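**Q** build me a model:
(chains A and B)
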Protein chains: 2
Amino acid sequence: MNRQLGRQSLRFEEAPFLFSYASIGSGREEEGPLGEAFDAVCEDGKFGEKTWEESESTMQKEALTLAIGKAGMKRDAIRYLFAGDLLGQTMASAFGLKDMQIPWFGVYGACSTSGETLSLASMSVAAGYADTAAAVTSSHFGSAEKQFRFPLEYAQQRPVSSTWTVTGSGAFLLGTQAAYEEACEYRKKADKKRAGVHAIRVSGVTTGKMVDYGIKDSMNMGAAMAPAACDTIVSHLQDFGRQPSDYDAIVTGDLGKVGKEILLHLAEEQGFQLERQHEDCGLLIYDCEKQETDSGGSGCGCSAVTLANHYLPSLENGLLKRILFVPTGALISKISFNQGLSIPGIAHAVVIEAE
Amino acid sequence: MNRQLGRQSLRFEEAPFLFSYASIGSGREEEGPLGEAFDAVCEDGKFGEKTWEESESTMQKEALTLAIGKAGMKRDAIRYLFAGDLLGQTMASAFGLKDMQIPWFGVYGACSTSGETLSLASMSVAAGYADTAAAVTSSHFGSAEKQFRFPLEYAQQRPVSSTWTVTGSGAFLLGTQAAYEEACEYRKKADKKRAGVHAIRVSGVTTGKMVDYGIKDSMNMGAAMAPAACDTIVSHLQDFGRQPSDYDAIVTGDLGKVGKEILLHLAEEQGFQLERQHEDCGLLIYDCEKQETDSGGSGCGCSAVTLANHYLPSLENGLLKRILFVPTGALISKISFNQGLSIPGIAHAVVIEAE
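**A** Residues are numbered from 1 along each chain as shown, chains lettered A, B, ... in the order given. Model (predicted):
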């Protein structure tokens, strides 16, 4: 039986397997430290499309297609698709995934969306609702700047606290042991090197509450999200009765330099030292100095591709044993910003372990 | 054990109880045929706020507060909150519900959102992930016209195929038998007339795929959504091995006059006669002739308040025994419309029964 833990966590009795994944990025992400691990890259981020929004849709479609292909599956073996993005009315997901013809739950959790989709997909598999479920997210620098800030042509200057929206998409397949074994068999035939890799499982989740400290600066999203990240991480550790040292890494989505400092400070106030375990996808995806990306990367795509390019391979290869993946979202819209409202944050945590 | 049925349906072994609900509307909805059943109405739709968006947020907060109050519960007994709306970045839900401090899964399914939130909430309860989960949605005429069409000040003329976004919010609490019994006891003490009402349960769901027939007319959303409604209803009947006559009503969200005709035609082509059972919330919420609301009501709020004001009381009072509730969504955004893209549809079905 799956178990409710504390106020907001679940531990899965039969932890779903995360058995296939793929990532796509653009030139800027390829130049970064994790660039070599992308399954596909399009230098100009256009992916052959005319608009940024359609480019983002194409990324989602291709990322999911690659993840399905790697597992040697048929599309219609996927029972649920949990997908979302940053755009109004989750436009990138809708237009990217409509032709897949897979029952779809559209989700919105700002940049925490990759955590939200992974949570819901693993909850569905662990409940016996699906043998295989997919989680897909994306973000695109061009479409996000247009959606949230200014047209790129305006050439606005950016403060050092600002983050750069990652152009990227990550797709993940979660399933039962049987689904995993079937995919495994296929992949071992296709690639001998895969024979020794560790299985990856999602063993639990902690679902975030919205936290609002009243931050209003859209160029300082790290500060807006750090309190939510802290709330979810502390709740998780309390619900599971764990210490930070029970994890090889506690990985936030896109706090950047500014948000990281605030998180460490807030967690310390609550009695948890996160220095040794804390890492942030926004600080890993780019070489901030060399690439002049200010406080780091951001966007749903940031945490999704960092998970796919860095953490999952490290878990498969035995370099990591257990991580807490905590994508962080800033609940801002063009309208709320223009109306002078604050930016509430949210963070969804997923426990990912190697067998 | 909960059972997967066919390609896209689930039947719950222990069907969750839908044990409390509340609805809020504005003057236009109060003037309609279901107006007397609202728990609260604000004539000008402003709810004391300065902006339409904040008004919509306030509606969600008040609807959920009312549903919680009716059940005599404490807010923190709700383990998950599934909520969404039509606005970019689900702004109404984020700002309306952030202070609730309940773990939140933000969802987006356009006007199918009430079906999506009810599906996910009942799936969570049936899986043992939550003793009580809440599903909340809203729409607002002012915020939706601004988001999707033209500023109201522009006084644009509307074709008869157009629908009117309902200003309304519905909140629903789903839970285990224990949660239901606790709420029941409280309500019977508070209101003697509640003693004889039938318990309402969600016994299954059918999750929709996106369906795109290439419709591009944002003033004819019924035509854009009808194919998705048909796809979900037909899949549901096939997965469950049922006929339309197994339901007292098959209730779509907001197809309106135009969409209803298309749905009946498409379903007939697939061998299902829906004439006798089919009803549409968009056609029930307003008196279209008298209120000059063209093809009917629309928006996430339309199906949510019609469920709360009409169907749930009829199930509780024994007038109805089993309905298929199928909110329908048109996946349009301001950007996709201006870029000349089509409007894919989606519909999520929920089986609601009286004991």
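
**Q** CA atoms for contacts and neighbours, from now on please.
**A** OK.

**Q** am I right that A:F12 is in contact with A:S124?
**A** No: in terms of C-alpha atoms under 8 Å, A:F12 does not count as a neighbour of A:S124; the distance is 10.8 Å.

**Q** which one of these two has more residues nearby?
**A** A:S124 (24 against 20; other C-alpha atoms under 10 Å in any protein chain shown).

**Q** dump the residue contacts of the more buried one.
**A** A:A130, A:A133 (C-alpha atoms under 8 Å, 6 or more residues apart in numbering or on different chains).

**Q** neighbours of A:E31, how many?
**A** For A:E31, the neighbour count with other C-alpha under 10 Å is 16.

**Q** distance of it relative to chain B?
**A** For A:E31, the distance to chain B (C-alpha to the nearest C-alpha, to the nearest Å) stands at 30 Å.

**Q** now A:V258
**A** Here A:V258 is placed at a distance of 24 Å from chain B (C-alpha to the nearest C-alpha).

**Q** what pLDDT does that residue get?
**A** If you check A:V258, the pLDDT there is 90.

**Q** ok, now which ones touch it?
**A** Counting by C-alpha under 8 Å, 6+ apart, A:V258 has contacts A:S161, A:N220, A:G222, A:A223, A:S295.

**Q** which secondary structure element is home to it?
**A** helix A:256-269 (DSSP states H and E).

**Q** and that helix, how far out from the chain middle?
**A** Centroid separation for helix A:256-269 versus its chain: 20 Å, with C-alpha atoms, centre = their mean, to the nearest Å.

**Q** need the next SSE after it, C-terminal direction.
**A** Following helix A:256-269 in sequence, per DSSP H and E, is strand A:278-280.

**Q** could you verify that A:T137 is part of a helix?
**A** No: according to DSSP: H, G, I helix; E, B strand; the rest coil, A:T137 belongs to no helix; its state is strand.

**Q** neighbours of it, how many?
**A** A:T137 has 38 neighbouring residues, counting by other C-alpha under 10 Å.

**Q** kindly state the beta-bridge partners for it.
**A** A:G84, A:G170 (DSSP bridges).

**Q** thinking it is in contact with A:T167, fair?
**A** No: A:T137 lies out of contact with A:T167 (C-alpha under 8 Å); the separation is 11.1 Å.

**Q** how about the residues of the stretch 51-200 of chain A by chain B?
**A** Within the stretch 51-200 of chain A, the positions near chain B by C-alpha under 8 Å from any C-alpha of the partner chain are A:79, A:86-91, A:94-95, A:98-99, A:101-110, A:116, A:127-130.

**Q** so which two of the contacts of A:V258 are the farthest from each other?
**A** Put simply, by C-alpha to C-alpha the two of the contacts of A:V258 set farthest apart are A:A223 and A:S295, 11.2 Å from each other.

**Q** next up, the contacts around the closest residue to A:E116 other than its chain neighbours.
**A** Nearest residue to A:E116, sequence neighbours excluded (C-alpha to C-alpha, 6 or more residues apart in numbering or on different chains): A:H348, at 5.9 Å. Contacts for A:H348 (C-alpha under 8 Å, 6+ apart) come out as A:S112, A:G115, A:E116, A:S119, A:V205, A:T206, A:T207, A:G208, A:T232, A:V326, A:P327, A:T328.

**Q** for chain B, give me its nearest residue in the stretch 201-350 of chain A.
**A** A:K209 (4.3 Å; C-alpha to the nearest C-alpha).

**Q** neighbouring contacts of the longest strand anywhere in chain A?
**A** For chain A, the strand with the greatest residue count under DSSP state E is strand A:17-26. Here strand A:17-26 makes contact (C-alpha under 8 Å, 6+ apart) with A:38-45, A:59, A:62-64, A:66-68, A:70-71, A:166-177, A:180, A:183-184, A:199-202, A:304-305, A:308-309.

**Q** point out where chain A drops to low pLDDT.
**A** Along chain A, segments meeting pLDDT under 70 span A:1.

**Q** just the helices from it, written as ranges.
**A** A:27-31, A:52-70, A:91-97, A:113-126, A:141-148, A:177-190, A:221-240, A:256-269, A:281-284, A:288-291, A:300-306, A:312-316, A:334-338 (DSSP state H).

**Q** if you compare these, which one is most tucked away?
**A** Burial of the helices of chain A is given as mean neighbour count (mean count of other C-alpha atoms under 10 Å in any protein chain shown); helix A:300-306 ranks first at a mean of 33.
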